[in-house]
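Participant: need a structure here:
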Amino acid sequence: MINAYEIRFFQVGSASKGGDAILIRLLDEDQKPTIIVVDGGYKETGEKIITYLKNLNISVIDLIINTHPDIDHISGLIRLFEEQSLTIKKLIMNRPWRDSNITADYFADSRITDKSVNKRMTEAFKYAYQLEQVAISKIGENNIIHPVVGNNYFGCLTILSPSKDLYRSKLLESDKTPTTLDDSNNTTTFTRTMNKLVHYIKGFMSWRNENTTAINETSIVSLLCMPNKNYLLTADAGKNSIEEALDYKDSQFSLVHKSIDVLQLPHHGSRKNVTPALIQRIMAKEYIISCPPNGLDSHHPSRRLVNMVLEKVPTAKIFKTADCNSFVFYYNFNWQLPYQTPMSAFDEIEDYD
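Facilitator: Numbering: from 1, shown residues only. The predicted structure follows:
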């Protein structure tokens, strides 16, 4: 039984370049900890996680989850596996070169073989492949787990998406499959955009149907059910993956009655990953955005998204990691943490291109 917990969203990156890193610490009635890490940001974020655990005299991570193969989610995890003072028990990750079942038959180019598909995938997803190799060295192949929808860990964390079909289809759509395999887009570097800002009028804000990248749609979405709140962790998932996650949740007797109290707004608060209908379907009370200190320069978070959430859920509290070294949700700890003021609506929002 979970007697206390913390869910710590680390600030990742600097300037306008961000990422994700979440540490979950569960304590039972005997104060025995269970540690889960969901993504690890960059290498320096991995160092932050190591330091934080050392300060708690914790040397065991029970489960690491890599949601998808972007460098801003993986590099810190590689650093955790390289740390000799840490014992890591399990790793959940997708490995496209092993588990996608994408063969040469999917491609018109007759020169492509099954062997070349796998080779080119390891090259395209080089950070994920590096994570796999360092994990095999540290914990062995048998402790690397393929994510399966419906699998539950520690009685509180359930994987909701993506399904096998969605995962495979998005891999095939991505720029990682032949013949355009390269690593140039296997990052989340937020370049400064030139969208002008326009005056915001409540109730008259338009919303376009935009889409995130196919690789972002392969992100693992999970539901974390705690004693006082339920959290939907979305990484960089897009509308398809989140809709699929909600559909699965609502189809399961054990989950259908569990409301989502806290929603991680995906992809650092990008407007391309959610819709007004999704926000209304979830109706969370609180929202967390993992974004860098100067993320607003590149619309992470999107001003338009923040204002849309506040229109659809007027009582919503939206927090962001840009305002602190880490933002923490916690239960049953005798802590007195500084209060972070929730975000307010912006007077100006970014215009569409």
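
Participant: List the contacts of the residue nearest the centre of the chain.
Facilitator: With distances taken as CA atoms, centre = their mean, the chain has A235 as the residue nearest its mean C-alpha position (1.5 Å). For A235, the contacting residues are 20, 38-39, 67-68, 73, 219-221, 264, 266-267, by CB atoms under 8 Å, 6 or more residues apart in numbering. For every residue, glycine as well, the C-beta is placed using N, CA and C.

Participant: I'd guess it is in a helix, am I close?
Facilitator: No. Counting by DSSP: H, G, I helix; E, B strand; the rest coil, A235 falls outside a helix, being coil.

Participant: Got phi/psi on it?
Facilitator: Backbone torsions of A235, given as degrees, to the nearest 10, read phi 50, psi -120.

Participant: before we move on, the earlier item: so which pair among the contacts of A235 is furthest apart in space?
Facilitator: For the contacts of A235, the maximum inter-member distance is 14.7 Å, found between V38 and H267 (CB to CB).

Participant: So for those two, which sits in the more crowded spot?
Facilitator: H267 (29 against 26; other CB atoms under 10 Å).

Participant: Which ones among the contacts of A235 map onto strands?
Facilitator: Among the contacts of A235, DSSP state E puts 38-39, 221, 264 in strands.

Participant: With distance to S116 and pLDDT as added columns, please give those residues in CSV.
Facilitator: Below are these laid out as CSV (distance: CB to CB, whole Å; pLDDT from 0 to 100):
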residue, distance to S116, pLDDT
V38, 33, 98
D39, 30, 98
V221, 31, 98
Q264, 37, 98
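
Participant: I would like a PyMOL command selecting only the buried ones among those, please.
Facilitator: Only the buried entries of these go into this PyMOL selection, using 16 or more other CB atoms under 10 Å:
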select buried, resi 38+39+221+264
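
Participant: and which of the ones in strands among the contacts of A235 is nearest to C324?
Facilitator: Checking those against C324 by CB to CB gives Q264 as the nearest, at 15.8 Å.

Participant: The closest one reaches L233, doesn't it?
Facilitator: Yes. Using CB atoms under 8 Å, Q264 makes contact with L233 at a distance of 5.2 Å.

Participant: so which of the ones in strands among the contacts of A235 comes closest to L171?
Facilitator: Nearest to L171, judged by CB to CB, of the ones in strands among the contacts of A235 is V221 at 16.4 Å.

Participant: now the closest one, which residues is it bridged with?
Facilitator: Bridge pairing for V221 (DSSP bridges) gives the partners S161.

Participant: Where does the prediction get shaky in the stretch 1-150 of the chain?
Facilitator: Residues of the stretch 1-150 of the chain that meet the criterion pLDDT under 70 lie in 15-16.

Participant: can you give me the strands in it?
Facilitator: Along the stretch 1-150 of the chain, the segments classed as strands by DSSP state E, counting those that start in this stretch run 4-10, 21-27, 33-40, 60-65, 87-92, 144-145.

Participant: want to throw these into JSON lines with distance to S344?
Facilitator: As requested, the strands of the stretch 1-150 of the chain are exported to JSON lines (distance: least, CB to CB, whole Å):
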{"stretch": "strand 4-10", "distance to S344": "20"}
{"stretch": "strand 21-27", "distance to S344": "25"}
{"stretch": "strand 33-40", "distance to S344": "28"}
{"stretch": "strand 60-65", "distance to S344": "33"}
{"stretch": "strand 87-92", "distance to S344": "37"}
{"stretch": "strand 144-145", "distance to S344": "41"}
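
Participant: wait, which of these is closest to T315?
Facilitator: Minimum separation from T315 across the strands of the stretch 1-150 of the chain (CB to CB) falls at strand 4-10, 21.2 Å.

Participant: All set, thanks.
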